[in-house]
Every structure is written in C-alpha cells, then in structure tokens.
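[1] here is my input; please provide its structure:
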Amino acid sequence: MRTPQHHRRRFLPGIVLHRNKLWISELYGYAILLGLLAALFSISLFVVLNASRIHRNEIAISRLKIERLKATRQIADFVEMNRLAVTLREFTRDRIPSSIIGTLVKHVYESSKQFGYDPLLVLAVINVESMFDPKAFGRYRSGALSGALGLMQLKLETAREVANDLGMKLDDPKDILKPEVNVVIGVAYLTRLIAQFRSFKLGVLAYNQGPGVIIQSLSEKRPLSIDYYNRVLRNYYKLRETTRKMQDQGPTS
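    As a prediction, this is how the structure comes out:
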C-alpha cells in the first residue's frame, strides 16, 4: 500500500525518479522549462538581431548624411567655380582659352578656400602679375628678365622655400609654370607676408616689392610706393562688379 507521502511525490514537478522511470508530471515540468528557455532565447535573439539591425541602419543613415553633405558641398563648389569662370571670361573679353580658364578657376578656387581668401582677390593679383598668362616671364623696366615665372610671378628661390614649407617638391624650375603649383605656392606666399606684416596692405606690397624693401622703408620711415596695391584693388573691384552684372543678367543671358 502506497503512503500519502509517496502518492504526493508522484505528481510533484521536478527531477524525481521512481524505479528508474520518468513520470508524466515530470515531463510536463521539463517541457514548460524548455519552453520558457526557448522563449527567452528567441526574445534575446530578437533583441540582439534588432539592435544589430538598428545599428546598421544608423551607420547607413550616417553615411547617407555624410554623402549628402559632400554632394551639397560639391554642388556649391561647382556653382561657385562656374560663377568665377563666367566672371573671368567676361572680364578678359574671351582673350583666354576656355581650357586655361577652367584650369585657372579650379586652382584659384581651391587655394582660396584653403587659405581663406576671396577668389576674386587672387584673380586680381594674377591679372596684375601676369594678365592670366601661365607661361609669363617677368621683366624689369630695363627689359631684362627678372626671374619671376608663371601666373603669380614667382622666383625660383622663393618658390622652393615656400614649397618646402608646404611639403611640396620643386626640383624642376619648369614646375613653377604649372598652374596647380604656381597658384598654390603664390597664395601661400602672399598669406605668409600678410601674417608677417600683420597687414593686408603691407603684405600685398611685400609680395610685389619684396619683404626686405618694405622692412627697410618702414625702418627708415620712407613713404611706400602703393601703386601696385591700388592696381590690385582696382582689379578686384572690377571683378566684383563684373560678377554682379553677370548675376543680374541671369544664366540665360
């Protein structure tokens, strides 16, 4: 005869063995436990997969935002360079080939952005220096060659010094005639002079006359010749006026 205690033990869930047999009630307990574990595993897996999916989506969204920002900047750059090209073409009355205008505008715009200038100002300096001729050779008033080369009329020793500061190699003097080299070095040199004299006006004058001449004139309190500076400003304001007129006429004119 089974005791009540024995009878109750048969229906208790858990790991209970009776004569090496597993009772049905115990199977129910295991099934419920396995079901709970499976449910927890499924929920955990869902949470992990969903978190991973959300993370991937966030990365994709961030990349799309970056690409959109890049595209917006590229469009803005394209619009600005096109504006400069139209201005320069009108300013020079089409005496410069389109291929040169495109190359010139590209390097002037990039260098101006790098050093924080209005690109029209750089174009004004180039016009005074070389009249936009990439192969220009500078001359003194006597007619002798001055050694100044290219768009921004750089001398070899000065160009090499500035190029070295920029981490550029300038082994062949002919490289100075390349617009992508000449403009970058010229704008960097102008920036250095403006910083040296802490004056835009004196920096521009030093670019033309040399920093030594400006330093000596200031130390001796001699009046400075500002004709070059005035010519640069006149060209700058003419370029600005040309830009304004072209914008007023609109893209279809």
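
[2] quick one: the helices in the stretch 1-150 of the chain?
    For the stretch 1-150 of the chain, the helices defined by DSSP state H, counting those that start in this stretch occupy 4-11, 24-91, 98-115, 119-130.

[3] for the last one, give the mean pLDDT please.
    The reference is to helix 119-130. Averaged across helix 119-130, the pLDDT comes to 95.

[4] mind giving me the packing neighbours of that helix?
    In terms of contacts (3 or more Cβ pairs under 8 Å, 6 or more residues apart in numbering; DSSP states H and E), helix 119-130 is packed against helix 24-91, helix 98-115, helix 179-197, helix 227-249. C-betas here are computed from N, CA, C, even on glycine.

[5] what about 10 Å?
    Judged by 3 or more Cβ pairs under 10 Å, 6 or more residues apart in numbering; DSSP states H and E, the packing partners of helix 119-130 are helix 24-91, helix 98-115, strand 137-139, strand 145-149, helix 179-197, helix 200-209, helix 227-249.

[6] now the ones you listed in CSV, with mean pLDDT, mean neighbour count and distance to Leu218?
    Putting those into CSV (pLDDT from 0 to 100; neighbours: other Cβ atoms under 10 Å; distance: least, Cβ to Cβ, whole Å) gives the following:
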stretch, mean pLDDT, mean neighbour count, distance to Leu218
helix 24-91, 83, 12, 34
helix 98-115, 90, 17, 24
strand 137-139, 85, 14, 25
strand 145-149, 85, 17, 23
helix 179-197, 94, 21, 9
helix 200-209, 96, 20, 8
helix 227-249, 93, 15, 15
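
[7] who wins for proximity to Glu220 among the helices of the stretch 1-150 of the chain?
    Each of those has some distance to Glu220 by Cβ to Cβ; the shortest is helix 119-130, at 26.3 Å.

[8] in terms of helices and strands, where is Asp171?
    Using DSSP states H and E, Asp171 falls within no helix or strand.

[9] list the contacts for it?
    For Asp171, the contact set (Cβ atoms under 10 Å, 6 or more residues apart in numbering) comprises 160, 163.

[10] now it. Its backbone dihedrals?
    phi -80, psi -40 (degrees, to the nearest 10).

[11] that one and Val122, how far apart?
    26 Å (Cβ to Cβ, to the nearest Å).

[12] before we move on, what about Gln196?
    According to Cβ to Cβ, Gln196 stands 18 Å off from Val122.

[13] got it, and Pro179?
    Using Cβ to Cβ, we find Pro179 at a distance of 12 Å from Val122.

[14] give the residues shared as contacts by these two.
    Contact criterion Cβ under 10 Å, 6+ apart; residues shared by Pro179 and Val122: 104, 107-108, 151-152.

[15] can you count the residues close to Ile176?
    Using other Cβ atoms under 10 Å, Ile176 is surrounded by 24 other residues.

[16] kindly report the same for Leu121.
    Per other Cβ under 10 Å, the neighbour tally for Leu121 reads 21.

[17] residues contacting it?
    108, 112, 187, 190, 200, 204, 232-233, 235-236, 239-240.

[18] which one of those is nearest to Asn127?
    Distances from Asn127 to the contacts of Leu121, taken by Cβ to Cβ, are shortest for Asn235, at 5.0 Å.

[19] how close does that closest one sit to Glu90?
    Taking Cβ to Cβ, one finds Asn235 at 14 Å from Glu90.

[20] what does Asp175 give?
    In terms of Cβ to Cβ, Asp175 sits 31 Å off from Glu90.

[21] what do you get for Glu67?
    35 Å.

[22] then Pro173?
    With distances taken as Cβ to Cβ, Pro173 is found 34 Å from Glu90.
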